[in-house]
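**Student:** Quick one: sequence plus predicted model below, questions after.
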Amino acid sequence: MTTTTLAVLVPLLPFLGALAGLLLGRTVPGLVRPLAVLPTLAALVIAVLVAARHGGGADIDSATELTPTGSVPVELALHIDGFAALVAVLVGVVASCVQIYSTGYLRDDPRYPSYAALVSLFTSAMLLVVYSGDLMVLLVGWEIMGICSYFLVGHYWETPEARAASLKAFLVTKLGDVPFLIGLFALAVDAGSFRITTILTKVADGGLDHPTLIALLLLAGVAGKSAQFPLHTWLPDAMAGPTPVSALIHAATMVAAGVYFVARLLPVFAASSAALVVLAVMAAVTMAGSALAALAQDDIKRVLAYSTIGQLGYLTGALAVGDRGAAVFHLLSHGAFKALLFLGAGVIIHAAGTNSLAAMSRMKGLRDRVPDAFWTMTVALLALAAIPPFSGFFSKEAVLGAAEHAATGHSETAPTAAGWIVLIAGLLTALLTAAYATRLWLLAFNGRGPEAPDHGKQPLTMTAVLWVLAVPSLAFGLTVGVLPDWFDGHSLTPTLTTSVLGTGFALVGGLVTYGAWRHTTALAARHPMGAVAADAGADGGVVEAEAIATHTPAYGDVAAAHDPADPGRLLLGPLHRHAAAGFHLDAVYTAVFVRPVQAAARLVRFLDREVVDTYVRGAGTAPRWLGAAVRRAQTGNVQTYLSALLAGTVVLAVAAVLVATAGA
């Protein structure tokens, strides 16, 4: 079987599994789990085989015209380079783990058949994006992922949070997709093709007429899909969906699609220095802002959501300095340890039997009750914090090294300004990342919250998956010497300067957070009423332990932790309440966009009901009144009719005489 045929099967098998699951899931329940797991596993095996045949060598290209368009053709095209081959393997690994994990996590969910089918369709759409060599076909997979995320985030549609989150995710990403679509059309017009290889050839020849405009339009869609500032607000709310869905969205699909798209078309963006600077600023704001927000969250899944936003900022930062090898390296590394973190969080939630335990301030004694989650999440958090020798250290240092390379003027494409922006923001984020990773580990596994009910041992399908993902989280960095052959050939080996700075910042962040936790824990122990007061303030605001001890006024904070031993509150100080609320971006968007649109909608409704409908009602009322008047004249009395006829005759005669007299 040819490599092209095998590559076609990779997205096709999960699609067929999704179709069969939707058709047979309700009627033949015994087939639901095999149809969910086996096609995805088969796609993974074939993706590995395709990657092995590629072997970091020549690109695999194949195309056939989909339909005549009369202008720019649309083709069913494959374009598999080193990036595509490895990202497809990542998607297959994470999707397979999610499907296996979900058989235990959602074993009693009555809507599991539709859930499993949507996850398979989600996987198929991402694999289509990864392998597609035509931008319009890529767009199909791009939009299918958006639809699937809407349904999966809203899986628990009985809850208002899930309904609102699914709608928000759909609308915010569509807001970015509109300029994205315009940018695709503009790019195709300039290049004369939707084919990726043709576009890259055109760019290399300097054939784009509007590179800055095209790049900025495309970046809007990337910001929405990959949850980058200012279109990132949907991702933390999307945690209302099932935890395995969060792992899939954050690690292997959806948010990875935007970054992967920029990596695949990086020469288009590199043709405009202005676009790279904009991308660098977007990455810097996203990295630092999301890391601060993560340090203030109490819900473990929201911490991980903001963490994903920040780590994707590293990816876009690497692309802004022109190194897509470093970006995709961190994409692969992050995909493994972030999937592990989300699935580990799912084990914690499952152990308590309720989503309420997602609040870290309510956790206690989990280290001994969920040892598999404890050890594997420890590995993943060390990788997230970029502590050597875990995988995150190598991939994050590749990004920082690329930024240093650009900042010192050694990059042929990236502006020096972009390099400095990404480097400074990246080092600051390294400190903050280690801080919130340490805080999560301390509060989740060494917390002082109330004892949660024990719901027994977790299913093997859930715990086994954690250990599978722990392997790349620990050892993927060892591929640093091999990956350049699969990418652009640029070295990914950590440099001395950024390694020392990045690791130093990370260690400082972790140690300071640990010291703050020891201080707040001791303070809470000396003032036990602090915990009572904190819980009492849950409905209107949270009272800090320091404020309780000194009887000083406390500030309200609807999204803050209830734990007086939370080091994040001490580290952030007055900034905590703003960071916990995501720096009030949702409130800003509500004031600037939502309320004006609602006011315009109310005005349109008023004009429709009170003005337009008035004319419509009037058009029917006037004839009705005239008919009523005529009906009153029809009395059926012959004498009345003759009298009216005579009166009319007299009137006509008088009128005729007057006209004749006037004429004379």
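**Tutor:** Nice, I can see it. Residues are numbered from 1 along each chain as shown.

**Student:** how far away is the residue lying closest to residue 299 once chain neighbours are set aside from residue 517?
**Tutor:** Excluding its sequence neighbours, the residue lying closest to residue 299 (Cβ to Cβ, 6 or more residues apart in numbering) is residue 358, at 4.9 Å. Bear in mind the C-beta positions are built from the backbone N, C-alpha and C, glycine included. Look at residue 358 and residue 517: by Cβ to Cβ, to the nearest Å, they are 20 Å apart.

**Student:** How about residue 342?
**Tutor:** 23 Å.

**Student:** just residue 188 next, same as before
**Tutor:** Taking Cβ to Cβ as the measure, residue 188 falls 54 Å from residue 517.

**Student:** Also residue 405?
**Tutor:** From residue 405 across to residue 517, the span is 37 Å (Cβ to Cβ).

**Student:** Then residue 55?
**Tutor:** Distance from residue 55 to residue 517, counting by Cβ to Cβ: 48 Å.

**Student:** how many neighbours does residue 197 have?
**Tutor:** For residue 197, the neighbour count with other Cβ atoms under 10 Å is 16.

**Student:** neighbour-wise, which of residue 55 and residue 517 wins?
**Tutor:** Legend: neighbour count by other Cβ under 10 Å for residue 55 and residue 517, higher for residue 517 (22 against 11).

**Student:** Show me where the stretch 451-600 of the chain has its strands.
**Tutor:** Counting by DSSP state E, counting those that start in this stretch, the stretch 451-600 of the chain has no strands at all.

**Student:** low-confidence ranges in it?
**Tutor:** Applying pLDDT under 70 to the stretch 451-600 of the chain picks out residues 451-456, 527-564.

**Student:** in it, which spans are helices?
**Tutor:** 460-475, 496-526, 529-536, 545-550, 567-572, 576-580, 585-589, 595-606 (DSSP state H, counting those that start in this stretch).

**Student:** Need the contact partners of the fifth one.
**Tutor:** If you take Cβ atoms under 8 Å, 6 or more residues apart in numbering as the criterion, helix 567-572 is touched by 292, 295-296, 435-436, 439, 442, 512-514, 516-517, 519-520, 544, 546, 560-561, 576, 579.

**Student:** Give me the distance between that helix and the centre of its chain.
**Tutor:** Taking the mean of its C-alpha atoms, helix 567-572 sits 27 Å from the chain's own mean (Cα atoms, centre = their mean, to the nearest Å).

**Student:** Quick check: phi and psi on residue 158?
**Tutor:** Main-chain torsions, residue 158, degrees, to the nearest 10: phi -70, psi -20.

**Student:** That one: how many residues sit nearby?
**Tutor:** Around residue 158 there are 8 other residues, counting by other Cβ under 10 Å.

**Student:** Against residue 276, how distant is it?
**Tutor:** Residue 158 is 46 Å from residue 276, where distance means Cβ to Cβ.

**Student:** need the helix or strand of this protein with the lowest average pLDDT.
**Tutor:** Lowest by mean pLDDT, DSSP states H and E among the helices and strands of the chain is helix 545-550, with a mean of 32.

**Student:** wait, doesn't residue 143 sit right on residue 177?
**Tutor:** Yes. Between residue 143 and residue 177 there is a contact at 7.3 Å, judged by Cβ atoms under 8 Å.

**Student:** More neighbours: which of those two?
**Tutor:** Between residue 143 and residue 177, counting by other Cβ under 10 Å, residue 177 is the more crowded of the two (19 against 15).

**Student:** Look at that one and give its secondary structure.
**Tutor:** Here residue 177 is recorded as helix under DSSP: H, G, I helix; E, B strand; the rest coil.

**Student:** ok, it touching residue 221?
**Tutor:** Yes. The criterion here is Cβ under 8 Å, and residue 177 meets it with residue 221 at 5.3 Å.

**Student:** any shared contact partners between these two?
**Tutor:** Counting by Cβ under 8 Å, 6+ apart, the shared contacts of residue 177 and residue 221 are residue 142.
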